[in-house]
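# Please find the sequence and the predicted model below.
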Amino acid sequence: MARGSRGKAKEPSRRQVSKLRKMERQERMLAFGVGLALFLTVGILAYGYLQEKYVKPTRPVAKVDGEIISTGAYQDRVNYRRFLLALDLFNLEAQQRQLDPDDESSDFLAQLLEQQIENLSSQLANLPSRVLEELVDERLITSAAEQNGLAEVTTEEIDLEIERQFGYRSTPQVPEPTPLTDTLALTPTPPPPTREDFERSYTSFLSYLKTEARLSQDYFRQVIRASLIRERMEKFIGEREIKPVAEQVHARHILVGTREEAENILYRLEKGEDFTQLAEELSEDTTTKDKGGDLGWFPRGRMITEFEEAAFSLKPGEISGVVETQFGFHIIKVEERDEERELEQEELRILRQMAFAQWLLEQREIAEIEYFPLPKVRGF
């Protein structure tokens, strides 16, 4: 009986059974905890990825008449503008390094390069806010272009504009003859870039754009399209608002620092002294002093308001009273007047640019523009 009882398995006690069950529960809880932690970690990572990849880029940074400018569009444009500024800075600094510090003749160029570098650095620092306003303007311009049937841009137009920006012309340009007396005629003109030169430069640019700014060729073409639409609208508004002929006056002026000086000059003019001689003698405007105060012909919109109103109120031969502006005290004499004088090309270009800028300002005033907090952009 004793040997038989030793061969029989001993049943676990109630205490041992309870302990085993407790250990099994702990193992199950541990496994559940590990699984839950893993699930939460994956979920958090997935949530963060979805936020960064899909949610944040769609959040608005601004609304223009109800149309959203997204965070993604804003960040892409900041990266693009920063990329271009960085290229310009790199080129300027490379030119700066090539200058001989011992060559006094290069001092002016060194100062000019330094000023340009400081200007670009300042633009870089203010880039985020400037880009937002650029995108707002772009939306207003595109909307107006669509209303006026000017928003359709062909693939060929974009291709030609890209070629132009890289200095290439698929259609050879016939150079204008240069006078033999011009010193530039003695300087060899570098040959225009070939198709191979253009493609090499463009491919290199796109490669840098992708690696440095993480932007594609399609994005670059979108920017070119927007710039072409802006050019069309600028031309459309400019030609609509500013005609090639305009009312103009040919005037002279004498500028001094105090009203008392101006009144003394006016007294001398009333006594019969010559306007041109007094301008040469007393005017503080160094750009016109030696020409007897001659300002040449000018239309409305070029001079400061107070000066312009006085000049256009005069008949040929008449002299104004004392006219105060932010520059000092003027006396104006109108020599000639023409109601329909043709504008010079540079004058016409400037006035049309000003008209477009004024139009854009008016569009901003009538549009419903809503701004949102700007996201942080890498590097700022």
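The structure has been received and is ready for your questions.
# And stretch 315-327, what's buried?
For stretch 315-327, the neighbour count (16 or more other C-beta atoms under 10 Å) marks Ser320, Val322, Val323 as buried. All C-beta spots, glycine's among them, are computed from the backbone N, C-alpha and C.
# and which of these is nearest to Tyr219?
Tyr219 has its nearest neighbour among those in Val323, at 52.1 Å by C-beta to C-beta.
# Okay, now the unreliable bits of the stretch 51-200 of the chain?
Residues of the stretch 51-200 of the chain that meet the criterion pLDDT under 70 lie in 51-57, 171-189.
# for the nearest residue to Ala151 once chain neighbours are set aside, helix, strand, or coil?
With C-beta to C-beta, 6 or more residues apart in numbering as the criterion, Ala151 has its nearest non-adjacent residue at 4.2 Å, and that residue is Ala145. In three-state terms, and counting by DSSP: H, G, I helix; E, B strand; the rest coil, Ala145 is helix.
# So which residues of this structure form strands?
Assigned by DSSP state E, the strands in the chain fall at 60-64, 67-70, 245-256, 294-299, 323-325, 328-342, 369-371.
# name the helices or strands packed onto the second one?
Other helices and strands packing on strand 67-70, by 3 or more C-beta pairs under 8 Å, 6 or more residues apart in numbering; DSSP states H and E, are strand 60-64, helix 127-147.
# Show me the strands paired with the shortest one, marking each as parallel or antiparallel.
If you go by DSSP bridges, strand 60-64 pairs up with strand 67-70 (antiparallel), strand 369-371 (antiparallel).
# so which of those strands is the most packed in?
strand 67-70 (a mean of 17; mean count of other C-beta atoms under 10 Å).
# roughly how far is it from the heart of the chain?
19 Å (C-alpha atoms, centre = their mean, to the nearest Å).
# returning to what we had before: got the buried residues of stretch 315-327 as TSV, with distance to Asp100 columns?
As requested, the buried residues of stretch 315-327 are exported to TSV (distance: C-beta to C-beta, whole Å):
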residue	distance to Asp100
Ser320	54
Val322	53
Val323	51
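# Which one of these is nearest to Glu306?
Proximity of the buried residues of stretch 315-327 to Glu306, judged by C-beta to C-beta, is greatest for Val323, which lies at 5.9 Å.
# Is it correct that Arg77 is in contact with Glu134?
Yes. Arg77 sits in contact with Glu134 when judged by C-beta atoms under 8 Å, with a separation of 6.9 Å.
# of these two, who's got more company?
Here Arg77 and Glu134 are set side by side on neighbour count (other C-beta atoms under 10 Å), and the busier one is Arg77, at 24 against 16.
# how far away is the more buried one from Leu135?
When distance is defined by C-beta to C-beta, to the nearest Å, Arg77 is 6 Å away from Leu135.
# do the same with Gln217
Going from Gln217 to Leu135 by C-beta to C-beta gives 20 Å.
# so how many other residues sit close to the residue nearest to Ala151?
Ala145 is flanked by 20 other residues according to other C-beta under 10 Å.
# what does Val136 give?
As a burial measure, Val136 scores 20 neighbours (other C-beta under 10 Å).
# hang on, isn't it packed against Gln363?
No. Because the distance of 9.8 Å does not satisfy C-beta under 8 Å, Val136 is recorded as not touching Gln363.
# before we move on, back to that, as a markdown table, the strands paired with strand 60-64 with distance to Glu308 would be great.
Below are these laid out as a markdown table (distance: least, C-beta to C-beta, whole Å):
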| stretch | distance to Glu308 |
| --- | --- |
| strand 67-70 | 38 |
| strand 369-371 | 31 |
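# Looking at Gln217 and Leu135, which has the bigger crowd around it?
Between Gln217 and Leu135, counted using other C-beta under 10 Å, Leu135 has the larger neighbour count: 20 against 14.
# how close does that one sit to Pro128?
With distances defined as C-beta to C-beta, the gap from Leu135 to Pro128 amounts to 11 Å.
# How about Thr211?
According to C-beta to C-beta, Thr211 stands 22 Å off from Pro128.
# quick one: which of the two has more around it?
Ranked by neighbour count (other C-beta under 10 Å), Thr211 and Pro128 place Pro128 first, with 20 against 9.
# Measure how buried Pro192 is and give me the count.
Taking other C-beta under 10 Å as the neighbour definition, Pro192 ends up with a count of 13.
# Same question for Leu112.
Residues near Leu112, counting by other C-beta under 10 Å, number 12.
# Could you do Tyr168 as well?
The number of residues packed around Tyr168, counting by other C-beta under 10 Å, is 19.
# Make sure it is actually in contact with Arg200.
No. Distance between Tyr168 and Arg200: 10.7 Å, which falls outside the contact criterion (C-beta under 8 Å).
# before we move on, back to that, out of the strands of the chain, which comes closest to Arg221?
Go through the strands of the chain one by one with C-beta to C-beta and the one that ends up closest to Arg221 is strand 67-70, at 19.0 Å.
# just the helices in the stretch 101-250 of the chain please.
In the stretch 101-250 of the chain, the helices defined using DSSP state H, counting those that start in this stretch lie at 107-125, 127-147, 155-165, 195-213, 217-241.
# what's the angle from the last one to helix 195-213?
Inter-element angle recorded for helix 217-241 and helix 195-213: 100 degrees (by axes from the mean of the first three to the mean of the last three C-alpha atoms, to 10 degrees).
# Next, the angle helix 127-147 makes with helix 217-241.
Counting by the same axes, to 10 degrees, helix 217-241 points 60 degrees away from the direction of helix 127-147.
# Okay, buried residues for helix 217-241 please.
Taking 16+ other C-beta under 10 Å as the criterion, helix 217-241 shows 219-226, 228-230, 232-234, 236-238 as buried.
# What of the shortest one?
Residues Ile158, Leu160, Glu161, Ile162, Glu163 are the ones in helix 155-165 that count as buried (16+ other C-beta under 10 Å).
# want to try TSV for those residues, with distance to Leu87 as columns?
Compiled in TSV, the buried residues of helix 155-165 are given as follows (distance: C-beta to C-beta, whole Å):
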residue	distance to Leu87
Ile158	21
Leu160	22
Glu161	18
Ile162	16
Glu163	18
